[in-house]
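Q: Next comes the sequence, and after it the predicted model I'd like to discuss.
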Amino acid sequence: MLVLLLVGVYVFTQWRGSAATPPKQLPVLVLQSPSGQWLDYQPRSGEVTLINFWSPDCPPCVAEIPVLNGLQKWLGGAHFTVLGVAVAGNAPIVVAQAKSRYGIIYPVYVDSSGGVSRLLGGVTLTPTSLLVNGQGRIVGRYVGAISLPVILWHLLRMRL
């Protein structure tokens, strides 16, 4: 009974979906940097990406920044990157200040219009993260703060 309860908690906290179904393949994402520059983002072939939708005024989002920084520091490079996307409603200047204040070392962009969120199935709660494999397929969706053991397990299974 305890095992079923633990599995249920895991499924509820780590694999909840959204109102819309996300695409199976990551489309090109049009993102704005906090300095106002635009970028068409698509991971390089073979690069695993963890896309983290967050907000600077969201306590769980801020609490998971050290985990995301650690992942970027330990694994970041040609084969892995964390990509932060501040959800609609966050001014670029506020995102830039938060990046500096919290010492974020991974790339951070702003989804000013909410278009990126909608394109990826909608983000109804922050933080929400998507794991994209080296072939550009979305293989994981995590609602709530990232669990380091869970994400490391999924990256290990991907042979990262």
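A: All right, it came through fine. All figures in this text were calculated on a predicted structure; none of them were measured in a lab. Residues are numbered from 1 along each chain as shown.

Q: Quick check, residue 145 in contact with residue 64.
A: Yes. Residue 145 lies in contact with residue 64 (CB atoms under 8 Å); the separation is 4.4 Å. From N, CA and C alone the C-beta is placed, and that goes for glycine too.

Q: Specify the local secondary structure of residue 68.
A: Here residue 68 takes the helix state, with states given by DSSP: H, G, I helix; E, B strand; the rest coil.

Q: these two touch, right, it and residue 146?
A: Yes. With contacts counted by CB under 8 Å, residue 68 reaches residue 146, the gap being 6.8 Å.

Q: out of the two, which sits in the more crowded spot?
A: Neighbours per residue (other CB atoms under 10 Å) separate residue 68 from residue 146, with residue 68 holding more: 26 against 22.

Q: what sits against that one?
A: 50, 52, 82, 84, 104, 106, 146 (CB atoms under 8 Å, 6 or more residues apart in numbering).

Q: Next, the most centrally placed residue in the chain: secondary structure please.
A: A centroid search over the chain (CA atoms, centre = their mean) returns residue 52, at 1.7 Å, as the residue closest to the centre. Classification of residue 52 using three-state DSSP returns strand.

Q: quick one, what contacts it?
A: 64, 68, 82-85, 127-129, 146.

Q: Show me which of those residues is closest to residue 31.
A: The shortest approach to residue 31 among those belongs to residue 85, at 6.7 Å (CB to CB).

Q: any idea how far that closest one lies from residue 153?
A: Separation of residue 85 from residue 153 (CB to CB, to the nearest Å) stands at 24 Å.

Q: Those two: which has the busier surroundings?
A: Neighbour count, other CB under 10 Å: between residue 85 and residue 153, residue 85 has more, with 27 against 11.

Q: Might you calculate how far the host helix or strand of that one sits from the centre of the chain?
A: When elements are assigned from DSSP states H and E, residue 85 belongs to strand 80-86. The gap between where strand 80-86 is centred and where its chain is centred comes out at 6 Å by CA atoms, centre = their mean, to the nearest Å.

Q: From residue 109, how far out is the closest residue to residue 41 other than its chain neighbours?
A: Nearest non-adjacent residue to residue 41, counting by CB to CB, 6 or more residues apart in numbering: residue 29, 4.4 Å away. According to CB to CB, residue 29 and residue 109 sit 8 Å apart.

Q: what do those two both touch?
A: By CB under 8 Å, 6+ apart, the residues touching both residue 29 and residue 109 are 41, 85.

Q: the more surrounded of these two?
A: Counting neighbours by other CB under 10 Å for residue 29 and for residue 109 shows that residue 109 has the greater number, 23 against 20.
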